[in-house]
Structure formats: C-alpha cells, structure tokens
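1. okay, here's the prediction I keep looking at, along with the sequence it came from:
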Amino acid sequence: MAKDIERILFTETDIRAGLSRVAQEVAAYYRDAPCTVVSVLKGGCLFTADIIRQLPVPLRLSFAAVSSYGDGTTGGRLSLDYFPTDQEIREQRILLVDDILDTGRTLAFLRSALLKQGAREVKTCVLLDKPARRTVTYEADFRAFVIEDVFVVGYGLDFAGSYRNLPYIAVLRPEVYAE
Ligand code: XMP
C-alpha cells in the first residue's frame, strides 16, 4: 500500500492531536446531556471509535449507511442502506459523525432523515472538511481539520474499497487512479 502513497497529509500524531481538540469541543457542548452518536458507515467508523472514547458524556452508539446511485460520484440519487431505529432517534440529541464533509450531500440527506424521524437536534462532527467541494449548504458543528480539494485515503477513507486501514491520511499517486 505504501508504494501507492504520494504524500502524507496527517500523521498518526496529527490525527491524535486533532481528535483530542475536537473531542474537547464536543464534550464541552454536551457536558452531562445524553446524546446518540450516529456513525456514518463505512468511513466514519474509525473516527467514531476513537472519538467516543474521549467523550466523558453519557452516549449511545448507532450507525447509518447511505448509497449513491446514478451518474457517478457527485450527482447520483442517495438512498438509505441502514438507519437507526425509531426509538434510537425520536426526541434524542443526535451527533452525526463522519470521516469527511465533501459536497455535503450525504450529511444533509442524513440530517433531514433524522429530523423527519423525530430527532430533537442534529449536530455534526467530521474529521475532515473540504469546503471547496460543497454543492449544498452544510456546515459541520465540529471539525478536526480543513483540507484543500484533494482526494485522500486512510484512517477509514477508501479508494475502491482499499486503504481504509492506513493509520495516517494520505494523498494517492495519480497513477493509482489511472489504473
Ligand atoms: P459528500 O459530502 O460528498 O461525501 O456527500 C460523501 C462521501 O464521499 C466520500 N469522500 C471521500 N472518500 N476520500 C475518500 O476516501 C476523499 O477525499 C473523499 N471525499 C468524499 C466519503 O465516503 C464521504 O462520506
């Protein structure tokens, strides 16, 4: 895998520091108020696993998954593959946790589905924010890093299903995409 990497954007140490910083903000917001963390599969699961262990607040953990169908990477129709139960959402304060906020479509879609299902509040926490790519109006309430418009892999983020297990976040060599 290492041979496919062009450059490392965030090392394991960088990730730990960013994660601690954002975890403090999240913990300060919720204090002792219970919340339900909804982790967005698959990419968000590593970030979720690490951040919840730094949140000394009463929380429950759930998951959501979204697929995009149709015309390729950006414009396809979104559909829910997995969604928390009614009981997990209704009247709850929800914290959506994902690896990256890119166009904003996934999180906007999930946020509106959660509110429709009766969530009292939906906040968003992302590891990475790529504001240059936004196509819908959506801002994260908590974010660890803002990045430029580059495609990144590692720490949950994949290309064609691979590289999620890299412990750092990196930019792939252009030849890898061309293959
Ligand atoms: P948006 O915000 O566009 O994000 O709905 C949807 C999903 O796209 C994936 N994504 C990426 N995955 N490197 C990746 O490995 C990237 O740079 C990247 N940008 C977006 C990610 O799964 C996100 O949840």
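-> Arrived safely, thanks for sending. What you see is a predicted model, and the numbers here were worked out from it, not measured in a lab. Numbering: from 1, shown residues only.
2. got the contact list for the residue most central in space within the chain?
-> The chain has residue 98 as the residue nearest its centroid, 1.2 Å off, counting by C-alpha atoms, centre = their mean. Contacts of residue 98 were listed using C-beta atoms under 8 Å, 6 or more residues apart in numbering, and they are 39, 40, 43, 44, 47, 106, 107, 124, 125, 126, 127. In short, each C-beta sits where N, CA and C put it, glycine included.
3. go again with 6 Å.
-> When contacts are counted by C-beta atoms under 6 Å, 6 or more residues apart in numbering, residue 98 touches 40, 44, 126.
4. which of those has the largest number of neighbours?
-> Neighbour tally across the contacts of residue 98 (other C-beta atoms under 10 Å): the maximum, 27 neighbours, falls on residue 44.
5. buried stuff in the least confident helix or strand in the chain by mean pLDDT?
-> Sorting the helices and strands of the chain by mean pLDDT, DSSP states H and E puts helix 174-178 at the bottom, at a mean of 82. For helix 174-178, the neighbour count (16 or more other C-beta atoms under 10 Å) marks residue 176 as buried.
6. for the helix ranked longest in the chain, which positions count as buried?
-> In the chain, assigned by DSSP state H, the helix with the most residues is helix 12-30. Using 16+ other C-beta under 10 Å as the test for burial, helix 12-30 gives 15, 18, 19, 22, 23, 26, 29, 30.
7. strands paired with the following helix or strand past that helix, and their directions?
-> For helix 12-30, the following helix or strand on the C-terminal side (DSSP states H and E) is strand 35-41. Sheet pairing for strand 35-41, assigned by DSSP bridges, gives strand 59-69 (parallel), strand 93-101 (parallel).
8. and the angle from the longest one to helix 12-30?
-> What that stands for is strand 59-69. 110 degrees (axes from the mean of the first three to the mean of the last three C-alpha atoms, to 10 degrees).
9. before we move on, back to that, now do the longest helix of the chain: which elements does it pack against?
-> For helix 12-30, the packing partners by 3 or more C-beta pairs under 6 Å, 6 or more residues apart in numbering; DSSP states H and E come out as helix 44-52, strand 142-146.
10. mind putting those into CSV with mean pLDDT and distance to the ligand?
-> Listed next are the helices and strands packed on helix 12-30 as CSV, based on pLDDT from 0 to 100; distance: least, C-beta to the nearest ligand atom, whole Å:
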stretch, mean pLDDT, distance to the ligand
helix 44-52, 98, 7
strand 142-146, 98, 12
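11. most tightly packed of these?
-> helix 44-52 (a mean of 21; mean count of other C-beta atoms under 10 Å).
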